[in-house]
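S.K.: Mind folding the following:
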Amino acid sequence: MRRVFVLIFLALAPLSAAAQDASDIGQSPAEQGVLRSDAKDLSEFVWINRPIVVLADSPQDPRFIQQMKFIEAELDELAERDVVVLTDTDPSANSALREALHPRGFMLVLIGKDGMIKLRKPVPWDVREISRVIDKMPMRQQEIRDRRGIN
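M.R.: Below is the predicted model of the structure:
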């Protein structure tokens, strides 16, 4: 199983980093927190952010729409947990994310700061549920202790 995660990470590592679009200038932090799958190289996030990848076959997929509403309503909660959201709604593009994660229709994937898959769901999840999963991670618990000044 660990080998599969390493292979996924290695498959995603060579994605080229795209320059931030000029239209991003002046956007609120909440708007900048939702990116397209080809907007960033996932290796940039290792040890810095926890990517949430939301995949669907169409931007009109009701599950995709509901998931994005959940996320947009609680972007502050996700930002507090160093989450960045990546979306991909174009199966014909054969992105590296799709090749590595093999979605069947809608899929939500939480990737830890270590680059490993922590959660994979075929249905939308509320940010509160996602936050609970993140808050149980040892690295997140250490972040909380560090923030409180407890060793």
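S.K.: Need the three-state assignment for residue 52.
M.R.: Assigned by DSSP: H, G, I helix; E, B strand; the rest coil, the conformation of residue 52 is strand.
S.K.: okay, now the nearest residue to it once chain neighbours are set aside: neighbour count?
M.R.: Distances taken as Cβ to Cβ, 6 or more residues apart in numbering place residue 85 nearest to residue 52, at 4.9 Å, with adjacent residues excluded. For glycine as for every other residue, the C-beta is placed from the backbone atoms N, C-alpha and C. Look at residue 85: counted by other Cβ atoms under 10 Å, it has 19 neighbours.
S.K.: Residue 47 too?
M.R.: For residue 47, using other Cβ under 10 Å, the count is 9.
S.K.: Surely it forms part of a strand?
M.R.: No - counting by three-state DSSP, residue 47 is not part of a strand but coil.
S.K.: how about residue 66, phi and psi?
M.R.: phi -60, psi -40 (degrees, to the nearest 10).
S.K.: Would you point out which residue is most central in the chain?
M.R.: residue 52 (1.7 Å; Cα atoms, centre = their mean).
S.K.: Read off the pLDDT value for residue 82.
M.R.: For residue 82, the pLDDT comes out at 95.
S.K.: Please put the alpha-carbon coordinates of stretch 56-73 into PDB.
M.R.: Provided in PDB are the C-alpha atoms of stretch 56-73 (Å, rounded to 0.1, in the frame of the first residue of the first chain):
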ATOM      1  CA  ALA A  56     -15.800  15.300 -11.300                       C
ATOM      2  CA  ASP A  57     -16.700  14.500 -14.800                       C
ATOM      3  CA  SER A  58     -18.400  17.900 -15.300                       C
ATOM      4  CA  PRO A  59     -18.600  21.200 -13.400                       C
ATOM      5  CA  GLN A  60     -22.400  20.600 -13.500                       C
ATOM      6  CA  ASP A  61     -22.200  17.400 -11.500                       C
ATOM      7  CA  PRO A  62     -24.600  18.000  -8.500                       C
ATOM      8  CA  ARG A  63     -22.000  16.300  -6.100                       C
ATOM      9  CA  PHE A  64     -19.300  18.700  -7.300                       C
ATOM     10  CA  ILE A  65     -21.500  21.700  -6.900                       C
ATOM     11  CA  GLN A  66     -22.500  20.600  -3.400                       C
ATOM     12  CA  GLN A  67     -18.900  19.900  -2.400                       C
ATOM     13  CA  MET A  68     -17.700  23.300  -3.600                       C
ATOM     14  CA  LYS A  69     -20.600  25.000  -1.700                       C
ATOM     15  CA  PHE A  70     -19.400  23.200   1.500                       C
ATOM     16  CA  ILE A  71     -15.800  24.200   0.900                       C
ATOM     17  CA  GLU A  72     -16.600  27.900   0.000                       C
ATOM     18  CA  ALA A  73     -18.800  28.300   3.100                       C
END
